[in-house]
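> next comes the sequence, and after it the predicted model I'd like to discuss.
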Amino acid sequence: MDSSTRRIWESILSQSDGDVGFRVVHQAPTAAELLALRESVGWLTYPVDLAQAAFDSSLFSVSLTVNDEVVGCARVIGDAYYRYVQDVIVAPAWQGKGGGSLMMEHVHRWLLEKSAERYRGLICPPQSVEFYEKFDFQRDGVAMTLRTDSLPSGEK
Ligand SMILES: CC(C)(COP(=O)(O)OP(=O)(O)OC[C@H]1O[C@@H](n2cnc3c(N)ncnc32)[C@H](O)[C@@H]1OP(=O)(O)O)[C@@H](O)C(=O)NCCC(=O)NCCS
C-alpha cells in the first residue's frame, strides 16, 4: 500500500462520533480512495491505473462522504443494454449507519430513470441479498466467474 492509500485508509477507519452527516456526491472516488475502500472490507485490490480506468469507464458513480472525506462508493458499469451495480462499499467504521442505503437510493433512482427497459443486475455474497432486496433486486440465477487457474484440460 502506498503512503497516500494508507493515509486515506487510516482516515476512513477512524470512528464516527455518532452525528454522521453523510453526503452522496455523483462523482467517482479517486483510484487511491477506491483501493483503500476495497482493502478496508478485505476485497482484493488491483493496480492504481486499473482502478482509475475502471471508474473512468463507469456509466454512473457515487461517493459517500463525511466532512468531504470519502467513506464509501458505488458504481454502475455496462453497455447500451446491460447495467451492473459494482463496488458497493462502506468503510467498516461507517457501516450500519444508513450510508449504504443512501448510496443505493441514488443508484436505484439512476437505474430507474436512465436505464428503463435495460437489464439491471449485480453479483453479491449471500449476506448482502437482503440489503439489495430493499432496492427491488431479486434473486435470479447463479453468479459464475471465469478463473484463469481452471482452463479446460489440455489447454495451457
Ligand atoms: C453492504 C454495505 C454496503 C451496506 O452498507 P451500510 O452502510 O452498512 O448499510 P445500511 O446502514 O444502509 O444498512 C441498510 C440495511 O441493510 C442491512 N444490511 C446491511 N448490510 C448487510 C449485510 N451484509 N447483511 C444483511 N443485512 C445488511 C442493514 O441491517 C440495514 O437494515 P435496516 O434498514 O433494516 O436497518 C456494507 O455493509 C459493506 O460495505 N459491506 C462490505 C462490502 C460488501 O459486501 N458490499 C456489497 C456486496 S456487493
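Received it, and whenever you're ready, just let me know what you need. Bear in mind that the values here come from a model prediction, so they are computed numbers and not experimental data.

> ok, now how distant is the closest residue to the ligand within the chain from Leu64?
Closest approach between the chain and the ligand, counting by Cβ to the nearest ligand atom: Gly100, at 2.1 Å. For the C-beta atoms, the positions are set from N, CA and C on the backbone; glycine is no exception. Going from Gly100 to Leu64 by Cβ to Cβ, to the nearest Å gives 8 Å.

> any shared contact partners between these two?
Common neighbours of Gly100 and Leu64 are listed as Gly72, Val90 (criterion: Cβ atoms under 8 Å, 6 or more residues apart in numbering).

> give me the more crowded residue out of these two.
Between Gly100 and Leu64, Leu64 has the larger neighbour count (other Cβ atoms under 10 Å), namely 26 against 21.

> coming back round to it: so the residue of the chain closest to the ligand makes contact with Val90?
Yes. Under the criterion of Cβ atoms under 8 Å, Gly100 makes contact with Val90 at 4.7 Å.

> got a list of contacts for the longest helix seen in the chain?
Longest among the helix segments of the chain by residue count, using DSSP state H, is helix 99-114. For helix 99-114, contacts defined as Cβ under 8 Å, 6+ apart pick out 20, 22, 24, 26, 59-60, 62, 64, 71-74, 76, 83, 85, 88, 90, 120, 131-132, 134-136.

> residues of the very next helix or strand once past that helix that come out buried?
Downstream of helix 99-114, the first helix or strand assigned by DSSP states H and E is strand 119-122. Of all the residues in strand 119-122, those buried under the rule 16 or more other Cβ atoms under 10 Å are Arg120, Leu122.

> packing partners for strand 119-122?
Under the contact criterion of 3 or more Cβ pairs under 8 Å, 6 or more residues apart in numbering; DSSP states H and E, strand 119-122 touches strand 82-90.

> the strand it packs on and the ligand in contact?
Yes. Using Cβ under 6 Å from any ligand atom, strand 82-90 reaches the ligand at Val88, Ile89, Val90.
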